[in-house]
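# sequence and predicted structure below; questions after.
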Amino acid sequence: MHCEPTPPADLDQVTVVSVTYQSEPVVEAMARTLKPFPHVVVVDNGSSDATVPRLRQLLPGATVIARTRNAGFGAANNQAMQEVTTPFVLLLNPDCEIAPATVATLLAALERYPQAGVVSPQTWQSDRAPQMCCRPAFFEPHPGGPYRVPDGICSTRWLRASCLLIRSDAYRQIGGFDERFFLYYEDDDLCLRMQEAGYGCLLEPAANVRHAGGGSSRPSWRTTFRKHFHYALSRHLAIGRYVGRPAARRYLLKTLWGAPLAAPLYLLLLRPHYALKWLAWGCAMWSHVLHPRRDRAA
């Protein structure tokens with residue numbers, strides 16, 4: 001009789017949650033990463049490519065939820081959490097590669113620090129290119145100079161959401177992600193609310209993860225526009241919540257005045273990516289003016 005190998009006890013405590021959108025190019029690598037984990041939930045945010053059928057083919061033991069529309073990163077993670085029964089959840093971007101031993105290192109960090117609610121590994125784009133994984137809150141002064149990987153585990157105000165190991169009870173206690181952050185700043189908000197609830201946020205540089213960055217969705221001008229659009233909306237919301245409504249209004253007015261000037265200027269300078277960014281920012285702020293309830297600063 002053929003028996004499936006029993007997963008290590010530490011992995012059995014963790015559910016891996018991943019959110020996909022037009023992620024077909026990374027599905028095979030994603031499946032190789034997730035196969036060792038006994039509990040996997042994937043929420044697809046309305047992909048029109050072969051992401052969902054390929055995932056179901058390559059990860060038959062995973063729970064794959066196919067949404068009919070893209071509700072955003074936070075909403076998809078919150079939906080996935082309804083399927084989680086383990087004490088820990090690992091939020092993992094589709095373009096991240098993580099080894100079971102790395103997850104064990106993250107679990108050990110939360111065991112050593114019971115007041116911590118979330119811990120992040122150090123992510124790398126390449127062997128010599130670390131990504132910023134800890135910093136002050138977005139509204140606090142930032143140290144100058146390039147990012148340096150900390151020498152040891154440290155407490156921080158912000159963690160990159162591409163890979164986070166979270167206590168499931170802590171996640172539920174704070175209500176998970178605020179779904180008004182469709183994309184961007186949801187990690188800032190999650191970390192800050194964790195700290196408001198009395199939980200620490202840790203970076204464990206002894207745990208290392210490869211993160212391609214920008215590889216979760218197929219690139220296109222439309223995708224780039226949407227990302228910049230939601231960045232501006234989320235920044236406005238975050239400023240309103242953590243800095244104040246007057247600061248949010250100043251950001252709104254600055255963007256509304258700047259976009260009509262900056263977008264055509266960058267086109268004349270043959271820098272279309274910057275022109276697209278400013279166009280998206282301006283459209284985002286006009287959408288807030290026309291539909292303020294969709295993005296009301298708290």
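Alright, I've got the coordinates. Residues are numbered from 1 along each chain as shown.

# burial of Asp49, as a residue count?
Neighbour count for Asp49, taken as other C-beta atoms under 10 Å: 17. For the C-beta atoms, the positions are set from N, CA and C on the backbone; glycine is no exception.

# helix, strand, or coil at it?
Recorded secondary structure, Asp49: coil (DSSP: H, G, I helix; E, B strand; the rest coil).

# tell me if I'm right that it and Gln22 touch.
Yes: using C-beta atoms under 8 Å, Asp49 is in contact with Gln22, at 5.4 Å.

# in the protein, which spans are strands?
14-20, 40-44, 63-66, 88-92, 96-97, 116-126, 129-130, 134-135, 154-155, 158-159, 163-167, 200-211 (DSSP state E).

# and the ones you listed as CSV, adding mean pLDDT, mean neighbour count and distance to His273?
Output for these, formatted as CSV (pLDDT from 0 to 100; neighbours: other C-beta atoms under 10 Å; distance: least, C-beta to C-beta, whole Å):
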stretch, mean pLDDT, mean neighbour count, distance to His273
strand 14-20, 97, 26, 25
strand 40-44, 98, 24, 28
strand 63-66, 97, 17, 32
strand 88-92, 98, 26, 28
strand 96-97, 95, 21, 25
strand 116-126, 96, 22, 19
strand 129-130, 92, 13, 21
strand 134-135, 95, 19, 24
strand 154-155, 97, 12, 34
strand 158-159, 97, 24, 26
strand 163-167, 98, 25, 27
strand 200-211, 97, 21, 22
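
# how about the ones you listed, which one is nearest Val243?
Proximity to Val243 (C-beta to C-beta) singles out strand 158-159 among the strands of the chain, at 14.9 Å.

# packing partners of the closest one?
In terms of contacts (3 or more C-beta pairs under 8 Å, 6 or more residues apart in numbering; DSSP states H and E), strand 158-159 is packed against strand 116-126, strand 134-135, helix 186-196, strand 200-211.

# one more time with 7 Å, if that's ok
Where contact means 3 or more C-beta pairs under 7 Å, 6 or more residues apart in numbering; DSSP states H and E, strand 158-159 is packed against strand 134-135, helix 186-196.
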